[in-house]
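Colleague: just coords:
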C-alpha cells in the first residue's frame, strides 16, 4: 500500500468510525455468522488474539467480553479512539490498542498470538503482493497450529450493492464497474472527502492466496448466505424462531462454493501448520551437518503453494544421510533407521516424531520395476524459503511425473497447471535427468 493510499484509507475511517461500528447492526447476518465461525475455530479463553485491522473493535470487544485477551491493531486513529470508548462502555479491557499497518507487524514477536483476525486489511490492499505480505506477517505472529481468519470483499459485491441502492451509478460513471470486473480494483477517487478504496477478490483466488502464504485452509464461508444485499429489507428485523431459522439456513449454505460469488464477504478460516516449523528446524540442522536431502511427495507440493494437507514429512537422502539424520535427532526416533523392503520400495528407512509431526526418512530409495530394483532418488531440487529458512525440495515438475508413473493422476493434475513448461518438457525428453519414482 503506497503512502497516499494508506493515508487515504486512514482518513476515510477516521471520518466514519461510528458508521463502521454500526455496520454490524446493519449486517446482522455477517456479524452472527462470523461470531459462529470464531466460536467454532478459536482456542478457548483466555487465548491471546490479535485483531489486525479490527476497526473500532466490534469483534475485539465481543471477544474480550468472552474472556479472551485481545490486542486491537488498526490503521485509523479515529477507529482506535472509538474502540477505547466502546471498551469502557462495555466494561472490558483490551490487552492492547495499537496503530499501524497490516503490512508491518514488526512490533510483535514471532508466534506471539494464539489466533489472528485479519478481517479488514485485505480488501483495502490493491496489489496481490501487498495482500501476500499482510498474510505473511499475520502468519508470522501466529503460533503454529493457531487459526487465522481472513476476510475478503467479493468481486461483484459493488455491482450488487449498486443494483440495490444506486442503480444509475454504473451508467453515470462509465468504465468504473467494468474496471472492477476486470481487475477488482477500486482506487481512491478525486474528491474533497476520502472515498472507499477496495480490492474486490474473485472467489476462486482467496483460498489459493492463503495456501501460498503457508496456511492450511479449513473452510471458506460466504458470510451473507442467502440474504446478501437483501437482509435489511426484512431479515434484520426478525427475532426469535424466525431469526434463528434464517441464521441456521445461512450457516448451512455458507461453505457452499455455489453461493460464494453472490455474497458480499468471504471469510477464510485457516491454520498455521505445525509441520512447517518442524521442517525449518530439520533443514537448519541438516544444512549445518552437511547432509544432502530433498523434501518430497505431498510436502514438496505444499511448499510449492499447492492445497495439500500434510500428514507427515517425507525426506529423501543417501545412505550416509539417513543414519546421520538418526544421530542428529536421536531423541525423536519412533522407528530406527534400518534397511527395509516392501513389495514396491526399499530403502534405509526411519520414522521420527517432532511434537506430534511424523517425519519419514528414506536413504537410497529404490522402486521395483519388474524383476529389478531401480534407484528412485529425486534428481532435481530447488531451494524454497520457508519463514526465512532455506529448504531443499524436489522440483514440482519431477513430482508431477512421479505421480503419473505411480498412477496418482489426481495429484498429477493438481501439479501440472503450476509446473514450469520448459523444465517439464526437458524431463519428458530426457534432456534433464529424473528419478524413476
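Modeller: Sure thing, it's come through. Note that this is a predicted model, so its numbers are computed, not measured.

Colleague: C-alpha from now on. contacts and neighbour counts both.
Modeller: Noted.

Colleague: Tell me how far residue 76 lies from residue 102.
Modeller: 12 Å (Cα to Cα, to the nearest Å).

Colleague: can you check residue 161 too?
Modeller: Going from residue 161 to residue 102 by Cα to Cα gives 27 Å.

Colleague: And those two? Which one has more around it.
Modeller: Neighbour totals were compared for residue 161 and residue 102, and residue 102 leads with 26 against 15 (other Cα atoms under 10 Å).

Colleague: The more buried one falls within a helix, correct?
Modeller: No. Going by DSSP: H, G, I helix; E, B strand; the rest coil, the assignment for residue 102 is coil, not a helix.

Colleague: Give me the nearest residue to it, chain neighbours excluded.
Modeller: Take residue 102 and drop its neighbours on the chain: the residue closest to it by Cα to Cα, 6 or more residues apart in numbering is residue 134, 5.4 Å away.

Colleague: What residues of the host helix or strand of that neighbour count as buried?
Modeller: Assigned by DSSP states H and E, residue 134 belongs to helix 128-141. By 16 or more other Cα atoms under 10 Å, the buried positions in helix 128-141 come out as 130, 131, 132, 133, 134, 135, 136, 137, 138, 139, 140, 141.

Colleague: Just confirm the third one contacts residue 211, I think it does.
Modeller: No. Between residue 132 and residue 211 there is no contact, the gap being 10.4 Å when judged by Cα atoms under 8 Å.

Colleague: in stretch 374-393, what counts as buried?
Modeller: Result for stretch 374-393 [16+ other Cα under 10 Å]: buried residues 374, 375, 376, 377, 378, 380, 381, 384, 386, 391, 392, 393.

Colleague: Please report phi then psi for the last one.
Modeller: Note on residue 393: backbone dihedrals following degrees, to the nearest 10 are phi -130, psi 160.

Colleague: State the distance from it to residue 215.
Modeller: Applying Cα to Cα to residue 393 and residue 215 gives a distance of 18 Å.

Colleague: ok, residue 4 - how many residues close by?
Modeller: Residue 4 has 10 nearby residues by other Cα under 10 Å.

Colleague: Residue 149 looks like it's in a strand, true?
Modeller: Yes. Applying three-state DSSP, one finds residue 149 inside a strand.

Colleague: Just grab the bridge partners of it for me.
Modeller: Residues in a beta bridge with residue 149, per DSSP bridges, are residue 117, residue 269.

Colleague: quick one, what contacts it?
Modeller: 116, 117, 118, 119, 267, 268, 269, 270 (Cα atoms under 8 Å, 6 or more residues apart in numbering).

Colleague: And the strands in the stretch 251-400 of the chain, which stretches?
Modeller: For the stretch 251-400 of the chain, the strands defined by DSSP state E, counting those that start in this stretch cover 265-271, 293-296, 312-317, 333-341, 345-354, 357-369, 372-375, 381-386, 389-394.

Colleague: Tell me how far the third one lies from the chain's centre.
Modeller: By that I understand strand 312-317. With Cα atoms, centre = their mean, to the nearest Å as the basis, strand 312-317 stands 24 Å off its chain's centre.

Colleague: who touches that strand?
Modeller: So strand 312-317 is contacted by 275, 279, 291-299, 357-365, 377-378 (Cα under 8 Å, 6+ apart).

Colleague: hmm, try it at 7 Å
Modeller: Identification of contacts with strand 312-317 by Cα atoms under 7 Å, 6 or more residues apart in numbering yields 292-297, 299, 357-364, 377.

Colleague: One more: the second one?
Modeller: Outside strand 293-296, the residues within contact range by Cα under 7 Å, 6+ apart are 314, 315, 316, 317, 381, 392, 393, 394.

Colleague: In space, what's closest to the fifth one - neighbours in sequence excluded?
Modeller: On the basis of Cα to Cα, 6+ apart, the spatially nearest residue to residue 381 that is not a chain neighbour turns out to be residue 394, at 4.3 Å.

Colleague: and the one you found, what does it touch?
Modeller: 294, 295, 296, 300, 378, 380, 381, 382.
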